[in-house]
Every structure is written in C-alpha cells, then in structure tokens.
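Q: Here is the input, now give the coordinates:
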Amino acid sequence: MSDLVAHQFDDLEQQTEAGTLGMWTFLATEVLFFGGMICGYTIYRHLYFPAWHQGSLIVDNLRWFGISSGAWNTAVLLTSSLTVALGVRAAKLGRNRTLLRMLVATLLLGIAFLGIKAAEYTHEYYEGVMPCRGVFHPDDEISSNLQHTAGEQQINQSFLLHEFQLFWVFYFFMTGVHALHMVIGIGLFTYLLIEARRGRYTPQKHAQVEVMGLYWHFVDLVWIFLFPLLYLVR
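A: From the prediction side, this is the model:
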C-alpha cells in the first residue's frame with residue numbers, strides 16, 4: 001500500500017480527500033470567474049435587449065439537419081458527461097478495459113465539441129460579426145435587420161451597432177474561455193488514457209480519474225448555462 005501513498009500523506013484515504021478538496025477549491029474559483037462573466041452578460045442583455053436579440057438570432061442560425069449547432073454541442077457534452085461517469089465507475093470497479101473505452105469516447109466527444117465550435121466561429125467570421133478591428137462588418141442582411149430594429153425601437157442606429165458589437169465581445173470571450181477549458185480537459189484525459197493503458201488505476205487508487213471527472217462535469221455545467229443565455233433567451 002505504501003507505493004500508492006505519497007510521502008506527505010498518512011494514508012490513502014487522506015491523500016484521496018486532499019485531492020478532492022483541492023479540486024473543489026479550484027472549481028469554487030472557477031464559479032466566481034464564470035459567474036462574473038455571466039452576470040455581466042445578463043446585465044447588458046437587460047440594458048441592450050434589441051441588440052442582444054439580434055445577436056442571439058445569428059448565433060442560433062447555423063444548423064445541421066434542422067438542429068442548431070448549439071443544440072448539437074449540448075448533446076455532445078451531455079453524452080460526454082455520461083462517458084466520464086461510466087469511466088469513473090469502471091475505475092472504481094477495476095474494469096480497466098471499460099475505463100479505456102470511456103476515456104477514448106470522452107476524448108472523441110470533446111474533440112467533436114471543439115470541431116462544431118470551430119465551424120460556428122468560421123460561420124460568424126463570414127457573417128462579419130467578429131468584434132475585431134477591420135473584421136466587424138456585418139453583411140447586408142444583418143445590417144438591414146439592425147436598421148429595421150433601430151427604427152422600430154427608436155434607437156440611434158450607430159448606438160445600436162455598438163451595442164451589437166458588445167454582444168459579440170461577450171459571446172466570443174465566454175465561448176472562447178469555455179473552449180480553452182475544453183482543450184485543457186482533453187489534455188487531462190489524454191494523460192488519464194496514457195496512465196490507464198499502463199494499468200496505473202485500481203479499485204484502491206483511482207482518485208485522479210474521479211477528480212478530473214469533476215473538472216469535466218464542471219465544464220459541461222458551464223455550457224448548460226451558456227447555451228440558453230447565448231442561443232435561446234430572446
């Protein structure tokens with residue numbers, strides 16, 4: 001048992017509890033980070049609803065088989081949460097082959113999420129809505145919709161355009177930071193896969209799988225908030 005326990009811990013139980021507590025502490029800071037962004041987004045949505053409404057319509061207009069890209073990504077992440085949970089259970093039961101399969105499935109689903117998000121970003125680039133100098137030039141249809149909205153709401157068109165650009169600043173920052181967390185998660189699960197192939201996880205020692213599973217579930221939970229805020233709440 002001594003080879004399973006690092007020298008700074010008294011026993012395996014203490015080591016496992018310390019790792020779990022460390023991850024929950026880290027996730028608490030992440031809640032503050034993402035919570036601040038979501039709070040700011042919600043406040044500006046209330047203040048500049050017409051521009052936010054137009055932005056959400058554009059975010060939600062990329063579809064495959066009649067289903068929006070955001071819904072596809074939500075389905076992918078929810079499925080990945082299932083594979084992570086099954087992987088943790090397999091590690092606890094000592095079923096290494098099942099663990100390997102679940103880790104591979106999770107990695108593939110994570111890569112699929114990033115692929116869909118890349119397709120969305122490409123679509124939005126060609127729509128001309130990236131809030132970068134020399135890039136933010138909404139196409140004629142979007143400009144016409146903004147002009148119509150400005151007339152209906154009796155808002156200065158130039159001011160509405162600035163509000164519209166602010167929506168995209170929030171959108172790309174929030175989804176970009178989330179995607180960065182996905183990339184980190186894929187790296188972590190690649191490490192787990194390598195270690196699992198070496199047979200490092202047993203019913204007695206599987207805390208790494210469980211702790212990194214908590215991280216993945218948190219990233220999935222953040223998307224559950226981002227999806228309705230960015231794609232559905234209009």
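
Q: any idea how far His46 is from His53?
A: 12 Å (Cβ to Cβ, to the nearest Å). In this view, the C-beta of every residue, glycine as well, is placed from N, C-alpha and C.

Q: repeat for Arg197
A: 50 Å.

Q: Please say which of these two ends up with more neighbours.
A: Neighbours per residue (other Cβ atoms under 10 Å) separate Arg197 from His46, with Arg197 holding more: 12 against 9.

Q: Now the more buried one: closest residue in space, sequence neighbours ignored.
A: Leu100 (6.6 Å; Cβ to Cβ, 6 or more residues apart in numbering).

Q: Likewise for Ala85?
A: That would be Gly213: by Cβ to Cβ, 6+ apart, it lies 7.1 Å from Ala85.

Q: can you pull the contacts of that neighbour?
A: Contacts here follow Cβ atoms under 8 Å, 6 or more residues apart in numbering; on that basis Gly213 touches Val84, Ala85, Gly87, Val88.

Q: What is the nearest of those to Ile116?
A: Proximity of those to Ile116 was ranked by Cβ to Cβ; the top entry is Val84 with 18.7 Å.

Q: any idea which element the closest one lies in?
A: Assigned by DSSP states H and E, Val84 belongs to helix 69-93.

Q: got the angle for the helix or strand containing Met182 vs helix 69-93?
A: In this structure, Met182 sits in helix 157-197 according to DSSP H and E. Using axes from the mean of the first three to the mean of the last three Cα atoms, to 10 degrees, the direction of helix 157-197 lies 20 degrees away from that of helix 69-93.

Q: what's downstream of helix 157-197, the next helix or strand?
A: Downstream of helix 157-197, the next assigned helix or strand under DSSP H and E is helix 207-227.

Q: how near is Tyr215 to Val84?
A: Plainly put, Tyr215 is 10 Å away from Val84 if you go by Cβ to Cβ.

Q: Ignore what I typed, I meant Phe49.
A: 37 Å.

Q: Just want to know which of these two has more residues nearby.
A: Val84 (27 against 13).

Q: list the contacts for that one?
A: Listed by Cβ under 8 Å, 6+ apart, the contact set of Val84 reads Met102, Thr106, Gly213, Trp216, His217.

Q: In contact with the spatially closest residue to Tyr41 that is not a sequence neighbour, which residues?
A: Nearest non-adjacent residue to Tyr41, counting by Cβ to Cβ, 6+ apart: Phe170, 4.9 Å away. By Cβ under 8 Å, 6+ apart, the residues touching Phe170 are Met37, Gly40, Tyr41, Tyr44.

Q: Can I get the residues you listed in CSV including neighbour count and pLDDT?
A: Shown next, in CSV, are the contacts of Phe170 (neighbours: other Cβ atoms under 10 Å; pLDDT from 0 to 100):
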residue, neighbour count, pLDDT
Met37, 17, 91
Gly40, 13, 92
Tyr41, 21, 91
Tyr44, 17, 87
